[in-house]
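In: all I have is the shape, not the residue letters:
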């Protein structure tokens, strides 16, 4: 099943069911007005949404319209939780190596995770509007899950059963604000502006064999200013799978329905697969040449993030954004 | 105006208007079903809630019932944002001093703030249920504001005008998990379990002269196992007022309606005012005696957090909780 949220001018938008080929959509208003409502009562609502989905795929939808990603908000335009892991430890190792620091051995066993702002997500085609290029604007291509309720103390196996949807993320980061902010010791606030998500969130069964062991076994494509800069395998080098990330988050508190948990920047040890954020490329350059030559994003730059199935068909639709100057 | 949320078995509860003396309440269902709904359209909804409030205070309410804090959820049972400042820098300084570290000078000019989990708040009289005493269970008594939309780049003066409600917070912390978690560099996840809030959230005008300069000028009472252990003045030693904390949060992103921003543990340089968290008392002991003698909370311990006006009347009702062992 594929779900998206139509921008109708309200804060939470309207839930729609989208056909597998991403061509048509139908409002789910008779079933659940918003995606959060559906997640709040998933076992009751999901079968009703699935009935619409089956009709759509068979060309039998009754109130269908063309699906347009540009009219989408994030699947959850605002959420009660956004927690982002750093499951591709290779990425963390590179960042450390570039500044001459060792990776603590515990990082291979204990997931790194930060709590992000979730009150103001932006849609897949919305501009990334920021005040200053000097903040060091970077994209971060990731995969994320949306969960049902996960009780405190859940094991990874229990958490696995509570994953309801998957989507793609652009976890925009302000690289030049990060060092000072992290040095204060309390994590990210100003250095993580509004996060964007793929047009569509999909149930795990949509991935077929590519959803295995709590990971997505497909490459994630990042295209910066029209040039493909990365296609790392999201199923490779993911040291902690989604169930493990979820169990980490649920150690001392309940995780409630509609929580979004991110994978962190997808990154492979095989450098030929390219990169999912500019910072990683700059680290590679630092280690090789002693100087980072690739600049961060400029106003006017575009970034497209997308994942294709084995037949080359887009699964989630594309995150396709432009960086603009805010307040002008 | 005073607002609270009745626990009716749903995830967001039902909004109720509470009389100034906290004795009676009336459901606001004809106006806004939940507090988030009211905040989503505050300028339209607030006057209607205020009309109910005036009737309640004049004993003219039409469907009133006795107000019972034990039947309350947090005013926002789940929120789209919970960001907690550390505005009482004296507290941060003490913690550092106890471990022999200097406070960076920038901490007096640049607020320390962390992004908290907001999907699973607990009510004012709900148990603090945790698996292990060994995690170092501590309360943290704070004041918090709930905001309307605050645009990215807002000045403190602009942010000031967007503060809609105030309430009290128990920002429960797991002290023995904090050092290792913060050492990882990405802030708090496991060391901050579910946060609790006062039964009632109030509009700033309810505080009269005590709301001045973006601070609450009243003492905050913390009573641990029936013994008053702290009554620091919340308006004293607050280095960053709420508008400054909000402007800090809004530097690089919009802050959306229903965001909760906390003051951090209320703390005075005058040690005679006691403490708002056990960790602070332990720091004082460390500095004086070289050893912390006051233990953290045990299962069965109670904590009551309350604030009174100049006539001795409770403003927000009391946070009144017991620590229990989860899963037994």
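Out: That came through, no problem. None of these values were measured; they are calculated from a predicted model.
In: near chain B, which residues of the stretch 201-328 of chain A are found?
Out: For the stretch 201-328 of chain A, the residues in contact with chain B (C-beta under 8 Å from any C-beta of the partner chain) are A:248-249, A:251-259, A:326-327. C-beta coordinates here come from the backbone N, C-alpha and C atoms, glycine included.
In: any of the residues you listed buried? List them.
Out: Taking 16 or more other C-beta atoms under 10 Å in any protein chain shown as the criterion, what is buried in those is A:248, A:249, A:251, A:252, A:253, A:254, A:255, A:256, A:257, A:258, A:259, A:326.
In: just the ones in helices from those residues, please.
Out: Counting by DSSP state H, these place A:248, A:249 in helices.
In: which stretches of the stretch 151-300 of chain A form helices?
Out: With DSSP state H, counting those that start in this stretch, the ranges of helices along the stretch 151-300 of chain A come out as A:156-160, A:178-183, A:242-249, A:278-289.
In: pLDDT on the last one, on average?
Out: Regarding helix A:278-289, the rounded mean pLDDT is 95.
In: helices or strands up against it?
Out: On a contact count with 3 or more C-beta pairs under 8 Å, 6 or more residues apart in numbering or on different chains; DSSP states H and E, helix A:278-289 meets helix A:89-98.
In: pull out the buried positions in the helix it packs on.
Out: Residues of helix A:89-98 classed as buried by neighbour count (16+ other C-beta under 10 Å): A:89, A:90, A:91, A:92, A:93, A:94, A:95, A:98.
In: kindly report the same for stretch A:14-31.
Out: By 16+ other C-beta under 10 Å, the buried positions in stretch A:14-31 come out as A:14-20, A:22, A:24-28, A:31.
In: and what of stretch A:70-85?
Out: For stretch A:70-85, the neighbour count (16+ other C-beta under 10 Å) marks A:71-85 as buried.
In: quick one: which of those residues is nearest to residue B:218?
Out: Lowest distance from residue B:218 to these (C-beta to C-beta) belongs to residue A:80, with 30.7 Å.
In: from residue A:73, how far off is residue A:9?
Out: Distance, residue A:9 to residue A:73, by C-beta to C-beta, to the nearest Å: 10 Å.
In: should've said residue A:38
Out: To residue A:73, residue A:38 is 15 Å away according to C-beta to C-beta.
In: now do residue A:262
Out: For residue A:262, the distance to residue A:73 equals 18 Å [C-beta to C-beta].
In: do the same with residue A:320
Out: For residue A:320, the distance to residue A:73 - C-beta to C-beta - is 14 Å.
In: can you name the residue of the stretch 151-300 of chain A nearest chain B?
Out: For the stretch 151-300 of chain A, the residue closest to chain B is residue A:187, as judged by C-beta to the nearest C-beta, at 2.1 Å.
In: which pLDDT value goes with the residue nearest to that residue when sequence neighbours are not counted?
Out: Distances taken as C-beta to C-beta, 6 or more residues apart in numbering or on different chains put residue B:187 closest to residue A:187, at 2.1 Å, once the chain neighbours are dropped. pLDDT for residue B:187: 95.
In: again with residue A:37
Out: 98.
In: does residue A:42 touch residue A:164 like I think?
Out: Yes. Residue A:42 is in contact with residue A:164 according to C-beta atoms under 8 Å; the separation is 5.8 Å.
In: shared neighbours of those two, anything?
Out: Common neighbours of residue A:42 and residue A:164, using C-beta atoms under 8 Å, 6 or more residues apart in numbering or on different chains, are residue A:148.
In: kindly indicate which of the buried residues of stretch A:70-85 lies nearest residue B:61.
Out: Relative to residue B:61, the closest of these is residue A:80; by C-beta to C-beta it sits at 32.0 Å.
In: who's in contact with the residue lying closest to the closest one once chain neighbours are set aside?
Out: The shortest distance from residue A:80 to any non-neighbouring residue, by C-beta to C-beta, 6+ apart, is to residue B:119 (3.7 Å). When contacts are counted by C-beta under 8 Å, 6+ apart, residue B:119 is found next to A:80, A:81, A:254, A:255, A:256, A:258, A:259, B:78.
In: report the two of those separated the most.
Out: The span of the contacts of residue B:119, defined through C-beta to C-beta, is set by A:254 and A:258 at 12.5 Å.
In: select the longest helix from chain A.
Out: helix A:42-57.
In: which strands or helices does that helix pack on?
Out: Partner elements for helix A:42-57 (3+ C-beta pairs under 8 Å, 6+ apart): strand A:14-18, strand A:24-27, helix A:35-40.
In: which phi and psi does the nearest residue to residue A:56 once chain neighbours are set aside have?
Out: Nearest residue to residue A:56 in three dimensions, chain neighbours excluded: residue A:19, at 4.4 Å (C-beta to C-beta, 6+ apart). Here is the backbone geometry of residue A:19 (degrees, to the nearest 10): phi -70, psi 160.
In: spit out the contact partners of residue A:19.
Out: A:2, A:25, A:53, A:56, A:57, A:61, A:67.
In: ok, now residue A:107?
Out: For residue A:107, the residues meeting the contact criterion (C-beta under 8 Å, 6+ apart) are A:89, A:92, A:93, B:184.
In: ditto for residue A:285
Out: Counting by C-beta under 8 Å, 6+ apart, residue A:285 has contacts A:291, A:292, A:293, A:294.
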